[in-house]
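Engineer: Turn this into a model:
(2 chains)
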There are 2 protein chains.
Amino acid sequence: MDYTRLWLDYEPVESLKGRSFSLITLESGRDIENILSELTLAVTVMTGSQPLSSGIDTDYVIRLVIDPELDSEGYTLIKDGRIYSVRSGGHRGLIYGSFRLIYIFKTKGLGGDFKLECKPHSPIRMADHWDNMDGSIERGYSGASFFFKDNKVVVNERTADYARLMASIGINAVAINNVNVRGEAAFLLTERHRSQLIRLAEILDGWGISLYLSINFASTIRVGGMDTADPADSRVQAWWSETSRQLFSSLPGFGGYLVKADSEGEFGPFAYGRTHAEGANMLARAVKPYGGRVIWRCFVYNCQQDWRDNKTDRAAQSYDGFIGLDGKFDDNVILQIKNGPVDFQVREPVHPLFGGLKKTNIMLEFQIAQEYTGQQRHVCYLMPAFKEVLDFDTHSGSRYSLVRDIVAGKNSPSSSFGICAVMNTGSDPNWTGHDLAAANLFGFGALAFDPTLSPEEIAEGWILLTYGRDELVLGNMLKILLSSLDAYEKYTAPLGIGWMVNPNHHFGPNVDGYEYDRWGTYHRASHSAIGRDRSDRGTGYARQYPEPLFSLYNEIKTCPEELLLFFHRVRFDHIMRDGRTLLQRIYSDHFEGADTAAEFVRLWQELEGRLDGEVYERVLKRLRFQAEHSTEWRDRINTYFYRLTEIPDALGRKIYE
Amino acid sequence: MDYTRLWLDYEPVESLKGRSFSLITLESGRDIENILSELTLAVTVMTGSQPLSSGIDTDYVIRLVIDPELDSEGYTLIKDGRIYSVRSGGHRGLIYGSFRLIYIFKTKGLGGDFKLECKPHSPIRMADHWDNMDGSIERGYSGASFFFKDNKVVVNERTADYARLMASIGINAVAINNVNVRGEAAFLLTERHRSQLIRLAEILDGWGISLYLSINFASTIRVGGMDTADPADSRVQAWWSETSRQLFSSLPGFGGYLVKADSEGEFGPFAYGRTHAEGANMLARAVKPYGGRVIWRCFVYNCQQDWRDNKTDRAAQSYDGFIGLDGKFDDNVILQIKNGPVDFQVREPVHPLFGGLKKTNIMLEFQIAQEYTGQQRHVCYLMPAFKEVLDFDTHSGSRYSLVRDIVAGKNSPSSSFGICAVMNTGSDPNWTGHDLAAANLFGFGALAFDPTLSPEEIAEGWILLTYGRDELVLGNMLKILLSSLDAYEKYTAPLGIGWMVNPNHHFGPNVDGYEYDRWGTYHRASHSAIGRDRSDRGTGYARQYPEPLFSLYNEIKTCPEELLLFFHRVRFDHIMRDGRTLLQRIYSDHFEGADTAAEFVRLWQELEGRLDGEVYERVLKRLRFQAEHSTEWRDRINTYFYRLTEIPDALGRKIYE
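Structural biologist: Take a look at the predicted model:
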């Protein structure tokens, strides 16, 4: 095998060794077969012998039971003496419960009696891959695609292992292709790739995962040979109906479409004077008969801005474009909303649409592909950031106002709600390029399933499952993971201002990289101040939040300091709450962040001999790069502000001229 | 024909109409045939009838005469009554004299009696093409290569017209391939492309032009299958000797090699601990038996600089790398030196090697491909800049100290001296993309032949030959051409500081584009000052010039203001000689430069109906683009400095925040 099994790599477990198990269920089906195989594999490796299919003479029994009283994706996991039972209202729940049992075996052994009741918080937990059919991955940092190669769909052993890994973290929906649907990818809807997609959908379905396809809104033109893609045109509607009928009738568990329209140059309903709602609803009606869904992205803004235009505010555009459409979308449309209003920066406020939309199904979009957070060459464990977003109180006035509850649909009878993440996987042997980036993959699944988990619990679980129990490994990896986001935030763009990266590829420091460009992401730093005023005295973006958030964000004195430069133009001599000036805070953050990155190397080096040699060397190399690269970040940012202000560091540290 | 003949497009001439001509010579050969055909064509079109080969019954006679007393490339052109005679010591002189006669016919008609004596100032007048064998052109802005396509050498009708055009401006040497010799281009030395190269060399030779090839210093490895390229290795020497023997014996007029070694990642003798001289001389000895030459580029510097390193000075590196080798090069080696010490910026001081090298053959390298001067999307007539370089007094202490005389070899008995330019041609129908960029092509040839010509004379000649005599066309085109360089210099990077362009492609403004990069081109602008100190209190670069230049450049108060920021770090409140602050000078230059570019559009629009419609529209479109783009330059630069200083324009003009 030319790739690892990540956290699903089983080893003998001391307390299970020599114990006999049986594995019993009355259920059947592709998915039940899969999870029985998984349990069989795990138990065989852990105990040393295969489980039996009758429980009469074995030390322990594992029972998988469907209980219609329970949630179809939740499970109750009970150990009562020699009986481990996994109970669920559906097969997906049995899958998740079984993996949970395996994790318990792996990390705790047999354990004493227990009873766990779990239910996924969000109905949809989705993995969005930005894979292109030529095998490249947009914002992919882990090698080539394993879904596509040479404009064909690839289905092989790795596909099955992928599905298994996704199921093991509770993912139940997958979009396999890039939301920018170019070239051959538009033809995924057609017969041309059907047989391979059927094989793929069967594999995913066998692990309780629905396949989604990203579609091009102009498909009727590009693929259908028509001269229009107007959603009000009955021929367009008929084409989508027929296309959908074919897809749903042939692809097991097919879920529907993911759509990026009228965004960053992608075609959309605006071309015909139609709204997002008219565009999305047309597609939604085509998939409605089959229980399908349309996921419509809210990442829509003017990407042809003139930097001289100081009125247009990109941050405000997503909310402005969709808030007026609340209630206008069909029940099987889901609006996909990025965690923040701009674009996956290391620090942004929570997107105001989460609190704003009251009558619309929504899905929260995270990105675990570290496009702006080190591109899997820096370690940056994102769960603390995700957790903050999920725990954020929107003050929306609805019964449930926390983001995690809103995106779980707690205020709605609909199950068309959820959480997704842009994936960080590729065909690298370790799946995620940086071995430590797998913590984000695992963590995303864990948090989507149960947002009450702490980043620390999740990281600890991932380390134990992946590297086993070695206290130094556990301790040092936890230190690295849990301080990585803070370090990255400190040594990159300061206090919510974002960007300051090289254009296009977005890697590495470049303070003015986007400053005079067309993307609307300006810091406007001058000799005395930096930032754009997004209060009601400026662009007014802060008004998109209800009270008390509006007032909180609207004033420099109350604005959370980590978001200070997102919301305000602030003088460099502004005194922060701890008494330092803004400038000194920027300098110190950058020195501290780079120091922390240097410390990662030392912490890792203590682990030599305690980890697989290849993993050790691979990570060491990346951590060394990160340490070096974080000094480049530190120095470029500090020098930029030093040149601007000509004020030296108060602590006399070296800033280059 | 899918391309124009540029200034060689003939039309009936009023005073010649109906006159009979005869064309007489005792000479023969490929080149004589060519120039006779050219005269025949010109006279036929201008008079309405073909010239005869006997002068007895014709109104006028043109005689081509070899006179061994005369210079082989110079000519004497005499009109004495009905006899026009072109006399030269060689065939090339007859070609140049004949074209001169055609130009006289075209612009002045028959004329009264006259006697002109001309002799090219520099022995070698060379066109360097950076064409790649895949058909692309490095820094090419006029379409694909017409020398190469799909990794093959192309020879067709256009090749002949190209040679004719080059001969018509006095070019006598051509390197057809990029100095960065990659991939297939290394195999131009081998049999694989020989038959096509023979055809090409024959065509060039027929117009008095020597073919040169850019070579890869690692050819013995890449092409020869050897494991070394060490110039001290006898196998390497033998390989080059044999390769050269084959090339010189098969390619008519073959001139030798052009070499970029140990520069920007290209391989060179440093890999074996050898000097430039050892590398160049090894090649020189291989071509020596055939009268061949090796042209060795001095564009060598550390391109992996850390921006934090404030000591290393790229400007100083070319001089430092070669000055110690003066006198160490064989007589058939020529060092090719860019006009300035950095890289074809709109304003640089003259390269200190011109005055520094006393015992070495040298060639001045210009660039008419407008890499840093608008890429043939902006009109930028470069002759005023070239003229300044040529007229520059190096104060070298030699008998001849002007650059134009030094590079012509006036201080040396050797004829291995000259001038070259990186070409601006491609397969666009008008050859140079921007129709007005052809003035740079024509101008380079004219100036290389006779550096005493003024930019205005040259521009006027080009306009008259290309567009005929229309006073408004002449007047407005002259205004545009002659103010274009000054305008470009004003609205781009200020006062000799250079760069401030987008990385890699070098087009468009980006003040910090190279500021934190590895290329050693830093402006280091801060709140109060800008520039690097290259005086003896700084990097010491100014010391590379002899007195009085050193003292002139070394002090802010004497440094020519157009070079102020090249040599000095200067406070923005520094008072310039006209009383304005440096900052105000920067602001005003940018407003004025952009205003001038806007004026070009107006001047051009006055010519509607007086020019070929396609030419008119094509140029208008580019001038409009330039006007718009120059405001982007103006605003980005002015805003950058406004943000840095927070000092507004003294005249209250709009600077964006």
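Engineer: With adjacent residues omitted, what lies nearest to A:Ala408?
Structural biologist: Nearest residue to A:Ala408, sequence neighbours excluded (CB to CB, 6 or more residues apart in numbering or on different chains): A:Ser122, at 4.3 Å. Every residue, glycine included, has its C-beta placed from N, CA and C.
Engineer: so the one you found touches A:Phe417, yeah?
Structural biologist: Yes. Contact criterion CB atoms under 8 Å: A:Ser122 and A:Phe417 qualify, at 6.2 Å.
Engineer: Common neighbours of those two, please.
Structural biologist: Counting by CB atoms under 8 Å, 6 or more residues apart in numbering or on different chains, the shared contacts of A:Ser122 and A:Phe417 are A:407-409.
Engineer: which of the residues you listed has the most neighbours?
Structural biologist: Within the shared contacts of A:Ser122 and A:Phe417, A:Val407 tops the neighbour count with 29 neighbours, counted by other CB atoms under 10 Å in any protein chain shown.
Engineer: what sits against it?
Structural biologist: Counting by CB under 8 Å, 6+ apart, A:Val407 touches A:122, A:354, A:362-364, A:390, A:417-419.
Engineer: let's see it at 7 Å
Structural biologist: Neighbouring residues of A:Val407 by CB atoms under 7 Å, 6 or more residues apart in numbering or on different chains: A:122, A:354, A:362-364, A:417-419.
Engineer: And the next helix or strand past the helix or strand in which A:Arg602 is found?
Structural biologist: Using DSSP states H and E, A:Arg602 falls within helix A:582-605. The helix or strand immediately downstream of helix A:582-605 is helix A:613-645, counting by DSSP H and E.
Engineer: Quick one: distance of that following helix to the chain centre.
Structural biologist: How far helix A:613-645 lies from its chain's middle: 25 Å, per CA atoms, centre = their mean, to the nearest Å.
Engineer: Which neighbouring elements make contact with it?
Structural biologist: helix A:471-491, helix A:582-605 (3 or more CB pairs under 7 Å, 6 or more residues apart in numbering or on different chains; DSSP states H and E).
Engineer: would TSV of those helices with distance to chain B and mean pLDDT be doable?
Structural biologist: As requested, those are exported to TSV (distance: least, CB to the nearest CB, whole Å; pLDDT from 0 to 100):
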stretch	distance to chain B	mean pLDDT
helix A:471-491	15	98
helix A:582-605	12	98
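Engineer: Please name whichever of the ones you listed is nearest to A:Tyr84.
Structural biologist: Proximity to A:Tyr84, assessed across these by CB to CB, is greatest for helix A:471-491 (25.8 Å).
Engineer: So which bits of the closest one are buried?
Structural biologist: A:473-474, A:476-478, A:480-491 (16 or more other CB atoms under 10 Å in any protein chain shown).
Engineer: what domains does the record give for chain A?
Structural biologist: Chain A breaks down into these domains under automatic domain parsing: A:3-118, A:124-454, A:468-532+A:569-657.
Engineer: and the end-to-end length of the longest one?
Structural biologist: Going back to what we said before, that points to domain A:124-454. Distance across domain A:124-454, first residue to last, is 21 Å (CA to CA, to the nearest Å).
Engineer: how about the residue nearest the centre of chain A, secondary structure?
Structural biologist: Central residue of chain A (CA atoms, centre = their mean): A:Ala421, 2.4 Å from the mean position. Taking DSSP: H, G, I helix; E, B strand; the rest coil as the rule, one finds A:Ala421 in the strand state.
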